[in-house]
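J.: Task: produce atomic coordinates for the following.
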Amino acid sequence: GKGFDYDAETEGHIKALLADAQEEIKDGLVEELVGALRSKAKALYQQAASSLFSSGAERRNKREALQSKFLVLYQQLSAFRKGVELFEDKDRDVFDKYLLKTVCAEIANLIFTDRAEWAGHKVEGGAVTSAEDRTAVINALPSTARGPLASLNDSLTKKSSDDFMAALDKVEKEVGIECKPLDKNSERSLVFGVRQQWGEQLKEEKEAPVALLLTLQLLTLHVHKTLVSAPGRGAGPMLEKLRDSLTPDAAAKLTDFHKAVVKLLTGDEDGKEEAVMEAIALADQCRPLASKEGLATTCLPLDAK
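T.: Modelled structure (predicted):
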């Protein structure tokens with residue numbers, strides 16, 4: 001369309017203001033003022049346009065960052081849900097509920113942080129991190145937008161991650177995120193990254209209970225080709241699932257380590273120091289079992305099982 005006529009508009013306003021001015025100075029003054037004010041008006045316009053462009057670019061960057069973070073977490077969840085299927089029905093709830101408390105909650109918090117910004121609701125620290133934060137965001141939304149997010153929040157208290165996935169599916173389009181399923185290439189990349197992360201963490205881990213879980217998770221990945229995200233209560237089922245694939249020596253060490261960790265976590269304060277020392281010593285013995293070099297001697301050959 002036709003551009004904004006800065007000169008004509010500015011001249012009209014000035015002439016109105018100078019209607020009573022002396023005739024001999026009017027025309028020259030108007031011309032001088034138009035030139036000065038036109039320059040100022042263009043500068044203000046350009047500043048406003050730049051601000052709008054920056055805001056738009058910032059929103060696009062935030063949207064891309066949201067999708068990127070969401071995709072990483074969603075693909076982790078997809079892989080860990082496969083890991084749940086490795087266990088017997090009686091043990092699956094332990095792993096599934098842990099996913100709800102960890103990865104599912106992280107995904108929900110990411111979505112709720114985005115919705116808080118969309119609604120103009122300020123969150124302490126700039127990010128949603130708790131159930132209380134999520135409830136506050138829901139209450140800040142228009143009533144027509146609350147339903148799907150309330151269902152997503154409620155699903156975190158259920159027994160199965162299936163409920164969360166169903167609720168997430170309904171939120172996906174509204175929030176503008178894409179739940180891309182794992183393909184072979186993305187799964188291979190994810191597994192490689194997680195294996196590296198767990199391996200590096202295990203080398204430095206000082207807490208015996210965490211070292212036990214990392215060791216068992218790495219061995220499960222090696223033996224069953226499956227990523228498992230486990231809580232403390234998952235150590236026993238993981239060890240039983242691995243036992244037939246381990247050498248007798250490795251199985252005995254891991255069994256002793258598991259018993260020591262249980263004793264450490266459930267024993268009384270009087271024997272706490274001794275339990276800590278025992279668990280640390282066994283952690284140092286078992287840590288190499290899940291190392292890249294140790295896996296070959298920790299696990300039985302396929303034809304020996």
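J.: what bits of the chain have low per-residue confidence?
T.: Flagging of the chain using pLDDT under 70 yields the residue ranges 1-36, 41, 45-57, 59, 302-305.
J.: now the helices for the stretch 1-150 of the chain?
T.: Per DSSP state H, counting those that start in this stretch, the stretch 1-150 of the chain carries helices over the ranges 6-17, 23-84, 89-99, 105-119, 131-140, 143-155.
J.: Can you give me the neighbour number for L214?
T.: The tally of other residues near L214 (other C-beta atoms under 10 Å) stands at 23. For the C-beta atoms, the positions are set from N, CA and C on the backbone; glycine is no exception.
J.: Let me fix that, I meant to ask about K259.
T.: Residues within reach of K259, counting by other C-beta under 10 Å, total 13.
J.: Which element, helix or strand, includes it?
T.: helix 248-266 (DSSP states H and E).
J.: which residues are in contact with that helix?
T.: Defining contact as C-beta atoms under 8 Å, 6 or more residues apart in numbering, one finds that helix 248-266 is touched by 208-209, 212, 215-216, 232, 235-236, 239, 242-243, 246, 271-272, 275-276, 278-279, 282-283, 285-286, 289, 297-299.
J.: Could I have the CA atoms of that helix written out in CSV?
T.: Below are the C-alpha coordinates for helix 248-266, written out as CSV (Å, rounded to 0.1, in the frame of the first residue of the first chain):
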residue,chain,number,x,y,z
PRO,A,248,29.4,-65.8,39.1
ASP,A,249,32.1,-63.5,40.4
ALA,A,250,30.3,-60.4,39.0
ALA,A,251,26.9,-61.5,40.3
ALA,A,252,28.3,-62.1,43.8
LYS,A,253,30.0,-58.7,43.9
LEU,A,254,26.8,-56.9,42.8
THR,A,255,24.7,-58.9,45.2
ASP,A,256,27.0,-57.9,48.1
PHE,A,257,27.0,-54.3,46.9
HIS,A,258,23.2,-54.2,46.7
LYS,A,259,22.9,-55.7,50.3
ALA,A,260,25.4,-53.1,51.6
VAL,A,261,23.4,-50.2,50.0
VAL,A,262,20.1,-51.5,51.5
LYS,A,263,21.8,-51.8,54.9
LEU,A,264,23.2,-48.3,54.5
LEU,A,265,19.7,-46.8,53.7
THR,A,266,17.7,-48.8,56.2
